[in-house]
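A.B. asks: Output the structure for:
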Amino acid sequence: MMAQHHDMKFLMRFCLRLTIRKYPDSFALSLLNGHNAFYKGSYKHALGEYVRGYKMNPDSDMTNLFIALTFLHIACQKFPTKRQMVIMQAVVFFKEYQRLRGNIQETSYNIGRAMHHLGLYHLAIHFYEEALKTAPSIEGDETFDLRREAAFNLSLIYRSSGNEDLANHILMTHIVV
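C.D. replies: Numbers count the residues shown, from 1 in each chain. Predicted coordinates for the structure are as follows:
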């Protein structure tokens with residue numbers, strides 16, 4: 001276990017040195033460093049790496065998603081003094097992600113999940129319902145169909161508000177095997 005931790009720590013430093021010295025304009029290494037920092041819980045460092053990647057390729061839908069998720073995690077920590085501003089920045093990057101990726105099931109589900117995480121249930125319901133109405137991006141393959149996940153999360157919201165009937169209706173409509 002300790003060997004794996006040491007190897008990961010070494011890999012992180014190796015990638016960081018590679019990025020800074022040899023390949024300062026490498027989009028992939030910037031995202032890799034961001035992912036490593038995000039994984040370790042160093043969200044501010046991850047944000048810096050993702051923004052560096054964003055400057056190299058602002059039209060990357062995934063980079064916008066990564067930045068939005070990082071802002072979301074920063075907003076959920078104890079110390080942000082301007083939590084509303086951080087949430088607004090996350091929403092801006094989520095909307096840019098949606099614009100670049102298209103109004104598809106995946107984007108609706110991801111934004112709904114983010115709003116659910118923040119406790120903004122009225123917005124989460126809207127995006128989950130959108131995901132339920134939208135066909136999956138890849139037809140015929142249930143692996144990429146997010147309707148069950150959206151329906152389950154929607155039922156959790158309804159159940160937590162005390163509306164058992166609507167929660168059960170959603171589950172019976174979308175999840176019954």
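A.B. asks: Which strand or helix spans the nearest residue to V91 once chain neighbours are set aside?
C.D. replies: Spatial nearest neighbour of V91, excluding adjacent residues (CB to CB, 6 or more residues apart in numbering): A68 at 7.7 Å. Yep, even glycine has a C-beta here, placed from its N, CA and C like the rest. Assessed by DSSP states H and E, A68 sits inside helix 61-75.
A.B. asks: Also L154?
C.D. replies: helix 147-160.
A.B. asks: Mean confidence (pLDDT) on that helix, please.
C.D. replies: Helix 147-160 carries an average pLDDT of 95.
A.B. asks: low-scoring pLDDT stretches of the protein, where are they?
C.D. replies: 1-9, 12, 15-20, 80, 177 (pLDDT under 70).
A.B. asks: most centrally placed residue in it?
C.D. replies: Geometric centre of the chain, nearest residue: L69, 4.4 Å, by CA atoms, centre = their mean.
A.B. asks: Could you check how far L31 is from L65?
C.D. replies: 11 Å (CB to CB, to the nearest Å).
A.B. asks: And the strands in the protein?
C.D. replies: Read by DSSP state E, the chain holds no strands at all.
A.B. asks: Going by residue numbers, what spans are helices in it?
C.D. replies: 2-17, 27-40, 43-56, 61-75, 83-101, 105-118, 121-133, 147-160, 164-174 (DSSP state H).
A.B. asks: What residues sit buried inside the helix holding A68?
C.D. replies: 61, 63-75 (16 or more other CB atoms under 10 Å).
A.B. asks: what's in contact with it?
C.D. replies: Helix 61-75 has contacts (CB atoms under 8 Å, 6 or more residues apart in numbering) with 31, 34-35, 38, 43-44, 46-47, 50-51, 53-54, 57, 80, 83, 86-87, 89-94, 96-97, 100-101, 110, 114, 117-118.
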